[in-house]
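Participant: model the following, please.
(chains A and B)
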Amino acid sequence: MLRLPSFTYLQPKTLKEALAMKADAGPDGMYVAGGTDLYPNMKRRHQEPRTVISLIGVRELTGCEMRDGGCAVGPCMTLSDLCSRPTIRQHYDTVALAAGLVSTPLLRNMGTLGGNLCLDTRCNYYNQTYEWRKAIDFCMKKDGHICWVAPSSPRCWAVSSSDVAPVMVALGAEYVLVGPGGERVVPAARFYHNDGINYLTKQPDEILATVRLPAPDGWDAVYHKLRRRGSFDFPVLGVAAWVKWEQGAGSRERGQVVEARIVLGGVASWPQEVPEAGAVLVGTDLSDEGVAAAADAAYRPAKPLDNTDFDLSWRKQMTRVYVTRALTELRQRRRPARK
Amino acid sequence: MASSKKPTRFRVVGKAHRKVDATAKVTGVTRFADDLFLPRMLFAKLLRSPHPHARIISIDTSKAAALPGVKAVLVGKDLPIPFGILPVSQDEHALALDKVRFVGDPVAAVAATSEEAATEALDLIAVEYEVLRAFPDALDAVEHPEPAIHDYADAGNIHKLIHLEFGDVDRGLAEADLVREDLFFFEGNTHLPMEQHAAVADWSPPPDGKLTLWSATQTPHYVHRALAKVLELPAARIRVIACPNGGAFGGKSDPFSHEIVVAKLAMITGRPVKITLTREEVFYCHRGRHPTLMWVKTGVKKDGAITGMHFKSLLDGGGYGSYGVASTYYTGALQTVTYHVPRYKFQGARAFTNKPPCGPKRGHGTPQPRFALEVHLDKIAEQLGMDPAELRLKHLVPPNSLTANWLRIGTMGLGPCIEKVVRGSGWKQKFKQLPYGKGIGLACSSYITGAGLPIYWNAMPHSGVQLKCDRGGGVTVFCGSTEIGQGSDSILATIVAEVLGLHPFDVAVVTGDTDLTPVDLGSYSSRVTLMTGNAAIQAAERARDVIARHAAKKLETPIERITFAEGRVFDVQEPERGLTFAEAVQLAEAAEGTVGTVGSYTPAPSAAKYRGAGVGPSPAYSYSACVAEVDVDPATGIVRVPKIWIAHDVGRAINAATVMGQIEGSVYMGLGEALMEEMAYRGNRNVVHKIPSLLEYKSPTTLEMCDVVTYVVEDPDPNGPFGAKECGQGPLLPVPPAVANAVYDAVGVRIDEVPITPEKVFKALRRKEKGEAARFGPARFPDIAWPEPTRVAPPWDGGDGRAAEGGRGRKKAAEGARR
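Facilitator: Numbering: from 1, shown residues only, chains lettered A, B, ... in the order given. So this is what the prediction gives:
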């Protein structure tokens, strides 16, 4: 079988201790939580840390509580735990749904929220063993110089493959990062870069310390995932759709959208927000016409490449179908009686 | 077997029994090859080629050999003798001698004190290559004879060319009311056993000079032969032990590079050596389904009666021969055994390409043509305005008959199979009547119960059994057959228990060990239940005769009245007069010495005597019929299969539970092939395997598995043990065409290619919308310079099973054995 290389494994109890360990280890040190992403990658020599610092025993990174109207979630919560928490299920059912769609039950028992939000970008030229990559003379994401997906491209096109990240961006969640210089808060959308190699704005020594979910006040969100099989597979397309409904007397009858965000997973190196698609929904009641316009707007910038499962033209076609289905579900959640 | 024809009330056979290996398997007690650890054991790793096609200029292993922990490094010239499963294609080397033929072809091997050190050493081996033009697929190989991948082939890069004609097909087509041509493609896919291949070798140096190899293999006898040949050791000094296999499905039936390499490394280092392949390496071992392009032209009368059929196949063989010659024949052999085909012509070609070698996967060479034939017939039925089930029922091959290509059909239960699934599924109320997006499809199939001829020509039995009765009342049965999860160990126990009146758990089973067990050719071609079963019946009946003789004497009863049941030997007319089985054995042992018997089985000679008739003949043919219901999402092209009804003519179920298990397992595997599995390569990127991992090679999870309604049809076949025929491979075959036919019923598009992926359905639906041909599938079959046909007159044209011209009967096989 594929063997893990030798490494030093450290188990800090506090954030402060973890940061100090990382400072000692320098660039050869990496944090790990559940390890479901990092360890397979280490077997394939994608990441080669000499020191692995486990965050799983750091108390500050666990738990989940309603605070200031919103919810603060510890990133070391396992995905299984996240999708079964009553608070999350009650107020953030789409977060629970997306977390429950990640991989398999066994991997959700190990994998964490933070791990899924920081998931390494994926590409089927990259997620291969050292020997396989040698046969194509490697790629720019690791050990090589070229992007085999788009050989003339100066950048890496590995794909953001998280299920939870597009939902966080759509919700407008905020991430609290703790580093040697202290604490900073970034909106989820600003946490990601559209670059397969530098896909996070997080510095290597920073730790994702808290995920802040916005107060559940008049918005709704859904997530639709396209993949080959009902379990195990990463998304080849994820559609997170968020709308804020008009509030106040009679608004339910009018049912108008005052703000909307559509974020696509699996089609770029980051969760790809499509502002045009959100914009066309404002002022509509998610009528068929409004939904069609949004689906059309989302279809145009979606640019899947030949580096995941399924053929790319079909995946692009599916953007329209999946955005339509996501928005239709949102409409039905608002007015279950109608249609 | 005389006894199998007797109408008997069975005590053990036919009931649902726990498999004899089940408890160990589910409690983790079973020791697979990778679980073995011997003192002082070393670990081996293989360096594999990064090029799809290249000449090796030089190899420098000095740095690797100098690495601490490394005990030996091997290259091709250390093992220069070629091997291969078929005598006609001895084209493999344990490590590439002068050429590499696919990305992943083994080039060098290291044995070290740890797997880590061995892995590190691989990177220190410097290999200089001269890169050659690579061939990513069969069409490319057919069109470009140079550079030749091998220095032997029927033409350029075409490994094998076959041309057989049984009767005047042109005349047959001329007599037809309707002649239809179709093109199909069946993508390659792999076995995907849970257990990765592993092997451990141990060497006792001279004067013992004895080698032991434990391996995850389906064919210890063939591995034994290959080791003797390549290592130049006397076979008597080699012991091959087949460990319990964690799944195999045909993927562990060749002798493999890693088995020979660990043996040689053990001989060099004097220490035990183990290798366990990674999942990626298992994809490189492959030997799976050949990607096959097919063209078929059939003439039919208005009532669907076939007047003639012409079938062409082009197989993409990958880098080596493996079973490929047999696979190629199999793509043309069994078209004739389901519906009567009076005149039949087959042209088959197998190309060498620069990919891992293809070989036998469950159904070996027959799922591809079966897919083509069953979809083709569905189209014919539609054109004739006939119900596809009716068309098939009307033209079934009769039992106890000969086919145009001289296959001898015994029992033939396809009719009852079709009737069961038609009734069970509500076919008549559903076909063409479900709402848009929902559909139902039917397909049938047949498969051999063991190949009628051995892989290497010899006159000895195909299966042997030894049986020893212990004076404590236990019985041990020894047989070279190999448990791969299919239940062959249990079959031996059940059959012996039936004959000797014992419980299956009173029978100890020793299998797959060349020192301890008589030869059985291996767990392939669905041969084990029939062949080892018949051998076991013979051995058990001989033991029964010995014991009965002495029991009769003791009980002062005529021997005809002695019966064996419930662990007793007694007078059938006065059941209280009897002995325990142990007492009876003791009497026999006291009188005659150790009670031990043997049994063996050799299939009857085939009626087919022409060159190429080595593939197709079998002691018995199993039959299956399948109805699949599908949901097709027209917006995405995604196909889901909620339910499958399948009926299988197994002759007689020896173990009711394992028969169901094999049928359902076949449906599962067939569903994966129908919907998603494919060996995908990047032809423009050095022909690397696109997805050599369990995550990205898509195989159904439990969530994709459909509900299965299984009907076991029992019509005992005189050639089978108690009438049993195969059930491990045949039920896979009708699943892909049933799904394809159901997709057509659901949304009106023909997907003439598996896997039936959403992209293909979506494209075909788009074409339909635009008024183009509502189809997805191949567009052409290439021109191939076929050899002159071997012409064989069918039985009804006065033939005798021999070729009229150019046929050389069995000589081919004899030639093969000599190489």
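
Participant: from now on I want contacts and neighbour counts done on CA atoms only, so please keep to that.
Facilitator: OK.

Participant: the helix or strand harbouring B:Leu161 packs against which elements?
Facilitator: Element membership for B:Leu161, per DSSP states H and E: strand B:158-166. In terms of contacts (3 or more C-alpha pairs under 8 Å, 6 or more residues apart in numbering or on different chains; DSSP states H and E), strand B:158-166 is packed against helix B:324-333, strand B:344-351, strand B:790-792.

Participant: same thing but at 7 Å, please
Facilitator: Strand B:158-166 makes packing contacts with strand B:344-351, strand B:790-792 when contacts are defined by 3 or more C-alpha pairs under 7 Å, 6 or more residues apart in numbering or on different chains; DSSP states H and E.

Participant: what about A:Gly69, how many neighbours?
Facilitator: Residues within reach of A:Gly69, counting by other C-alpha atoms under 10 Å in any protein chain shown, total 12.

Participant: next up, the contacts around it.
Facilitator: By C-alpha atoms under 7 Å, 6 or more residues apart in numbering or on different chains, the residues touching A:Gly69 are A:Ala215.

Participant: coming back round to it: what's in contact with the strand holding B:Leu161?
Facilitator: Everything outside strand B:158-166 that qualifies as a contact, by C-alpha under 7 Å, 6+ apart, is B:142, B:153-154, B:325, B:343-352, B:404-405, B:786-794.

Participant: buried ones among these?
Facilitator: Buried subset of the contacts of strand B:158-166 (neighbour count, 16 or more other C-alpha atoms under 10 Å in any protein chain shown): B:142, B:153, B:325, B:343-352, B:404-405, B:789-794.

Participant: have a look at the chain and report its longest helix.
Facilitator: With no chain named, the answer covers chain A. Using DSSP state H to define each element, chain A has its longest helix at helix A:312-334.

Participant: you looked at the wrong chain, it should be chain B
Facilitator: helix B:528-555.

Participant: list the buried ones in it?
Facilitator: Here helix B:528-555 shows B:528-544, B:546-552, B:555 as buried, counting by 16+ other C-alpha under 10 Å.

Participant: CA-only coordinates of stretch A:188-197 in PDB, if you can.
Facilitator: What follows is stretch A:188-197, C-alpha atoms only, in PDB (Å, rounded to 0.1, in the frame of the first residue of the first chain):
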ATOM      1  CA  ALA A 188     -15.800  33.800   3.700                       C
ATOM      2  CA  ALA A 189     -15.600  35.200   0.200                       C
ATOM      3  CA  ARG A 190     -12.300  36.900   0.900                       C
ATOM      4  CA  PHE A 191     -10.800  33.800   2.400                       C
ATOM      5  CA  TYR A 192     -10.400  32.200  -1.100                       C
ATOM      6  CA  HIS A 193      -8.400  33.000  -4.200                       C
ATOM      7  CA  ASN A 194      -9.100  31.900  -7.700                       C
ATOM      8  CA  ASP A 195      -5.800  30.200  -8.000                       C
ATOM      9  CA  GLY A 196      -5.200  26.400  -7.700                       C
ATOM     10  CA  ILE A 197      -2.000  26.800  -5.800                       C
END
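
Participant: and that stretch, average pLDDT?
Facilitator: Averaging pLDDT along stretch A:188-197 gives 98.

Participant: now the strands: where do they sit in the stretch 451-600 of chain B?
Facilitator: B:463-469, B:475-479, B:507-511, B:562-565, B:568-571, B:578-580, B:595-601 (DSSP state E, counting those that start in this stretch).

Participant: can I see the domain layout of the chain?
Facilitator: Just so you know, I chose chain A. A:1-57, A:59-119+A:159-213, A:219-334 (automatic domain parsing).

Participant: wrong one, I was asking about chain B
Facilitator: B:41-132+B:193-248+B:252-285, B:162-190+B:288-383+B:411-453+B:609-776, B:461-601.

Participant: quick one: distance of stretch A:209-223 to the chain centre.
Facilitator: Distance of stretch A:209-223 from its chain centroid, counting by C-alpha atoms, centre = their mean, to the nearest Å, is 14 Å.

Participant: end to end on it, go ahead and measure it.
Facilitator: Length of stretch A:209-223, first residue to last, C-alpha to C-alpha, to the nearest Å: 24 Å.

Participant: same check, this time on stretch A:259-271
Facilitator: 19 Å.

Participant: try stretch B:139-159
Facilitator: End-to-end distance for stretch B:139-159: 13 Å, by C-alpha to C-alpha.

Participant: for that stretch, buried residues please.
Facilitator: Neighbour-count burial for stretch B:139-159 [16+ other C-alpha under 10 Å]: B:Leu139, B:Ala141, B:Val142, B:Ala148, B:Ile149, B:His150, B:Ala153, B:Ala155, B:Gly156, B:Asn157, B:Ile158, B:His159.

Participant: state the pair within those that is farthest apart.
Facilitator: Maximum pairwise distance in these, criterion C-alpha to C-alpha, is 16.9 Å, between B:Leu139 and B:His150.

Participant: before we move on, back to that, let me have the strands of the stretch 451-600 of chain B in TSV, extended by distance to A:Asn127, mean pLDDT and mean neighbour count.
Facilitator: Converted to TSV, the strands of the stretch 451-600 of chain B look like this (distance: least, C-alpha to C-alpha, whole Å; pLDDT from 0 to 100; neighbours: other C-alpha atoms under 10 Å in any protein chain shown):
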stretch	distance to A:Asn127	mean pLDDT	mean neighbour count
strand B:463-469	46	98	25
strand B:475-479	44	98	25
strand B:507-511	41	98	22
strand B:562-565	60	97	22
strand B:568-571	63	97	24
strand B:578-580	64	98	19
strand B:595-601	50	98	22
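
Participant: what's the closest of those strands to chain A?
Facilitator: strand B:507-511 (27.4 Å; C-alpha to the nearest C-alpha).

Participant: residues in contact with that closest one: which ones?
Facilitator: Contact with strand B:507-511 is made by B:474-482, B:489, B:493, B:497, B:517, as judged by C-alpha under 7 Å, 6+ apart.

Participant: can you map out the strands along the stretch 1-150 of chain A?
Facilitator: A:8-10, A:29-32, A:51-54, A:64-67, A:70-73.

Participant: got the phi/psi numbers for the residue in the stretch 251-400 of chain B positioned nearest to chain A?
Facilitator: Nearest residue of the stretch 251-400 of chain B to chain A (C-alpha to the nearest C-alpha) works out as B:Thr278 at 4.3 Å. Dihedral pair for B:Thr278: phi -80, psi 170, per degrees, to the nearest 10.

Participant: how close does it sit to A:Arg67?
Facilitator: B:Thr278 sits at a distance of 48 Å from A:Arg67 (criterion: C-alpha to C-alpha).

Participant: ok, those two, which is more surrounded?
Facilitator: B:Thr278 (18 against 13).

Participant: per-residue pLDDT of the spatially closest residue to the more buried one that is not a sequence neighbour, please?
Facilitator: Nearest non-adjacent residue to B:Thr278, counting by C-alpha to C-alpha, 6 or more residues apart in numbering or on different chains: A:Met1, 4.3 Å away. pLDDT, A:Met1: 75.

Participant: do the same with B:Glu815
Facilitator: For B:Glu815, pLDDT reads 39.

Participant: in stretch B:367-377, what counts as buried?
Facilitator: By 16+ other C-alpha under 10 Å, the buried positions in stretch B:367-377 come out as B:Pro367, B:Gln368, B:Pro369, B:Arg370, B:Phe371, B:Ala372, B:Leu373, B:Glu374, B:Val375, B:His376, B:Leu377.

Participant: can you list those residues in JSON lines and add secondary structure, distance to B:Leu703 and pLDDT?
Facilitator: Output for these, formatted as JSON lines (DSSP: H, G, I helix; E, B strand; the rest coil; distance: C-alpha to C-alpha, whole Å; pLDDT from 0 to 100):
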{"residue": "B:Pro367", "secondary structure": "helix", "distance to B:Leu703": "24", "pLDDT": "98"}
{"residue": "B:Gln368", "secondary structure": "helix", "distance to B:Leu703": "26", "pLDDT": "98"}
{"residue": "B:Pro369", "secondary structure": "helix", "distance to B:Leu703": "29", "pLDDT": "98"}
{"residue": "B:Arg370", "secondary structure": "helix", "distance to B:Leu703": "27", "pLDDT": "98"}
{"residue": "B:Phe371", "secondary structure": "helix", "distance to B:Leu703": "25", "pLDDT": "98"}
{"residue": "B:Ala372", "secondary structure": "helix", "distance to B:Leu703": "28", "pLDDT": "98"}
{"residue": "B:Leu373", "secondary structure": "helix", "distance to B:Leu703": "30", "pLDDT": "98"}
{"residue": "B:Glu374", "secondary structure": "helix", "distance to B:Leu703": "27", "pLDDT": "98"}
{"residue": "B:Val375", "secondary structure": "helix", "distance to B:Leu703": "27", "pLDDT": "98"}
{"residue": "B:His376", "secondary structure": "helix", "distance to B:Leu703": "31", "pLDDT": "98"}
{"residue": "B:Leu377", "secondary structure": "helix", "distance to B:Leu703": "31", "pLDDT": "98"}
